[in-house]
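Colleague: Return atomic coordinates for the entry below.
(chains A and B)
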Amino acid sequence: MEYIPNIIFAIALIVGIGFFTRNVKKLSRNIKLGKDVDVSDNKSQRWKNMAKIALGQTKMVVRPIAGLMHVIVYVGFIIINIEVLEIILDGLLGTHRLFAPLGSVYNFLIGSFEILAFLVIVAVVVFWVRRNIIRIQRFVKPEMKGWPKTDGNLILYIELVLMTLFLTMNAADFQLQQLGADHYVKAGSFPISQFIVPLLDGLSESSLILVERTAWWLHILGILAFLNYLYYSKHLHILLAFPNTYYGKIRPQGQFNNLESVTKEVKLMMDPDADPFAAPAEDDTSEPEKFGASDVMDLNWVQLLNAYTCTECGRCTSECPANQTGKKLSPRKIMMDTRDRLEEVGKIMDTNKGEFVPDGKQLLGDYISHEELWACTTCNACVQACPVSIDPLSIIVEMRRYLVMEQSAAPTELNNMMSNIENNGAPWPYNQMDRLNWVNE
Amino acid sequence: MGEQLKVKTMQEYMAEGKQPEILFWVGSAGSYDDRAKKISRAFVKLLNKAGVDFAVLGTEESSTGDVAKRAGNEFLFQMQAMMNIELLNGYEIKRIVTCDPHSFNTLKNEYPGLGGKYDVIHHTQYLKELIDNGRLTITGDGYKGKRITFHDPCYLGRANSVFDAPREVLSKTNAELVEMKRHKKTALCCGAGGAQMFKEPEKGDMDVNVLRTKDALETKPNIIATGCPYCNTMMTDGIKAHEKEDSVTVMDVAELLASSQGL
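Modeller: Numbers count the residues shown, from 1 in each chain, chains lettered A, B, ... in the order given. Coordinates of the predicted model:
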């Protein structure tokens, strides 16, 4: 009987981590549906970017209020994990406050966890007010209706509940320590939860133990549940921000990739020795490569990682010139659509033994409209604004490539512009022989 | 017809068996667009004043393909790029200067992967270089007492982190430089990029250039300076939309420097 709590705890831990592992595997399988892309270059620069942007939060604080609040929650999350380690060990070993022998160090740790927990509660309340009372514009755009809105609030509620449980647990523990209850060693300092103690005044020792144990269990089970919520939530960024900033673009923002498949064809066209009537080699059964992207599998895996990393903060959209002037384009929606479609593809694979069966839908058209794609000025403001190095522009360009090269579906004016370049080497219909006339005008 | 400019083509240099210091990539806008041609002329006047040995490709120059690439036509872009690279490599070009940030970006960043490796700079960077090493001497009060605000072209600023050169050149005109609220890395686009220059905008409640011009007008400028022929067109149209064409003008950095020297 004595070991039943330990066993229940171990089972909860195994189930929690087991499900999480399953989710991570699914995540990684979905991301790998993307095309391969070489990101093995500039390793030191990439590590630096990760340290600065993800760990150091340098792009978060560009907006000072949201940035500061975010840093608090972020630091709180990281530091309080030390406490989670103690809780897990206590749960498995049946001990109580295993790290208590650290003495004054322990007191300092518990004290700082409490202050952080309080600050997190303050930040979470501010975040909630910004989303629901002030209704800051970027949180109420059309793509934020329904689940994205609920998701955003749920995360705040969960964090609020977890922090409250943590403080309640400490308050009851503190009171039990004062009463000299068995197992409740005198350890820790309680700068915040001491103010909750009066609420527990007059409770018997057994009631206090019930409060302490309930809060302890709910807190750790809540953390395990939250861990498994991540996969279904925009909150996945707490993990993926790190790889995403590592694999993020390191070339100048204006540099788009040159499509290699096109280079091959163009070289062949310009080669005077090439045989224009040459049949493909007998053993060449490969399908001709598709130019651009119409669905998630045509994107590369970094772009798909981008989609899972997006936490829908909307800084990209609020900086987008097209969005600011009332166009349909929202870079955040491009990322959300990419993730939604990728999830849909993943679900089809789940029900078909890991094989993708075409479902008559695709990212282009069913999720992202032509109108959105053509509204982009390729100005890179969205890329600049993203605090975790997501590149919505690269997806827009990839889809434009498909529209133009596979479907000849550019707006008429652009088709005219392109035929002008083909015919006379300028986007306007002027004679190439007049190119130097400006000198004498 | 204005004063005679000294402009030699690469063919002429080849015929003389000489190499220029630098190639001036004029670009399609700088060659054909009536407004942008004035920028090309102003820049050449400064090059002539500094005694720079430069060449143009003239009728051999062709679109960089940049706008085709942004529109999604990678095929057309690479065709243009490879033809241009063949020409540039044939002439053994080492250094290129251009007044168009879009040509600047693609020549500098996207041509190397296709075999065209050159030292590419924007004309504001080159002007700064000429001033710094004393080849171009700037005298007089210039635009003293005038307020100038500089609009960062996306493909010069955010895309390639060139922020200081245009501002330093502008400071030589003795004007009072005022910054818009969003500038440098967070500058708003003029609305022309990504091939928008060549099409009607999608449905919305405002045009991007009108919004950006509003940013500029908030600084109460006499002059809006840019470093891009497309931004120039967009901001000029924006000023008309705000009915400010009588009090505010849009000028390229090169034009401002040239006119401050009576060129």
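
Colleague: can you map out the helices along the stretch 51-200 of chain B?
Modeller: B:66-71, B:74-90, B:101-105, B:123-132, B:164-171 (DSSP state H, counting those that start in this stretch).

Colleague: Out of those, flag the one nearest residue A:34.
Modeller: helix B:74-90 (18.9 Å; CB to CB). (C-beta placed from N, C-alpha, C; glycine too.)

Colleague: Residue A:37 contacts residue A:299, doesn't it?
Modeller: No: contact between residue A:37 and residue A:299 fails when scored by CB atoms under 8 Å: they sit 9.5 Å apart.

Colleague: Neighbour count: the two, which is higher?
Modeller: Applying other CB atoms under 10 Å in any protein chain shown to residue A:37 and residue A:299 shows that residue A:299 carries more neighbours, namely 26 against 13.

Colleague: show me the contacts for the more buried one.
Modeller: Residue A:299 makes contact with A:34, A:35, A:293, A:338, A:395, A:398, according to CB atoms under 8 Å, 6 or more residues apart in numbering or on different chains.

Colleague: Likewise for residue B:150?
Modeller: B:166, B:167, B:170, B:177, B:179, B:183, B:225, B:226, B:227, B:253.

Colleague: contacting residues for the first one?
Modeller: Contact partners of residue B:166, counting by CB under 8 Å, 6+ apart, are B:124, B:150, B:152, B:156, B:225, B:227, B:253.

Colleague: Same list (the helices of the stretch 51-200 of chain B) but as TSV, adding mean pLDDT and distance to residue A:427.
Modeller: Output for the helices of the stretch 51-200 of chain B, formatted as TSV (pLDDT from 0 to 100; distance: least, CB to CB, whole Å):
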stretch	mean pLDDT	distance to residue A:427
helix B:66-71	98	6
helix B:74-90	97	11
helix B:101-105	98	11
helix B:123-132	98	20
helix B:164-171	98	25
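
Colleague: tell me which of the contacts of residue B:166 is nearest to chain A?
Modeller: Of all those, residue B:156 has the smallest distance to chain A: 8.7 Å, by CB to the nearest CB.

Colleague: Identify whichever of the helices of the stretch 51-200 of chain B lies nearest to residue A:353.
Modeller: helix B:74-90 (36.4 Å).

Colleague: Could you name the helices and strands sitting against the closest one?
Modeller: Contact here means 3 or more CB pairs under 8 Å, 6 or more residues apart in numbering or on different chains; DSSP states H and E; on that basis helix B:74-90 packs against helix A:260-270, helix A:412-424, helix B:66-71.

Colleague: Contacts made by the longest one with the rest, please.
Modeller: Residues outside helix A:412-424 that contact it (CB under 8 Å, 6+ apart): A:404, A:408, A:410, A:426-432, B:63, B:65, B:67-68, B:71, B:73, B:76, B:80, B:195, B:198-200.

Colleague: How many neighbouring residues does the closest residue to residue A:380 other than its chain neighbours have?
Modeller: The shortest distance from residue A:380 to any non-neighbouring residue, by CB to CB, 6 or more residues apart in numbering or on different chains, is to residue A:253 (4.4 Å). The tally of other residues near residue A:253 (other CB under 10 Å) stands at 24.

Colleague: quick one, strands of the stretch 151-263 of chain B?
Modeller: Taking DSSP state E, counting those that start in this stretch as the test, the strands found in the stretch 151-263 of chain B are B:176-177, B:223-226, B:249-252.

Colleague: coming back round to it: restrict the contacts of residue A:299 to those near chain B?
Modeller: Applying CB under 8 Å from any CB of the partner chain, the subset of the contacts of residue A:299 adjacent to chain B is empty.

Colleague: show me the contacts for the spatially closest residue to residue B:102 that is not a sequence neighbour.
Modeller: Nearest residue to residue B:102, sequence neighbours excluded (CB to CB, 6+ apart): residue B:66, at 4.6 Å. Residues near residue B:66 by CB under 8 Å, 6+ apart: B:77, B:102, B:103, B:105, B:106.

Colleague: could those go into a markdown table alongside distance to residue A:75 and neighbour count?
Modeller: Below are these laid out as a markdown table (distance: CB to CB, whole Å; neighbours: other CB atoms under 10 Å in any protein chain shown):
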| residue | distance to residue A:75 | neighbour count |
| --- | --- | --- |
| B:77 | 46 | 29 |
| B:102 | 43 | 29 |
| B:103 | 46 | 27 |
| B:105 | 39 | 27 |
| B:106 | 43 | 28 |
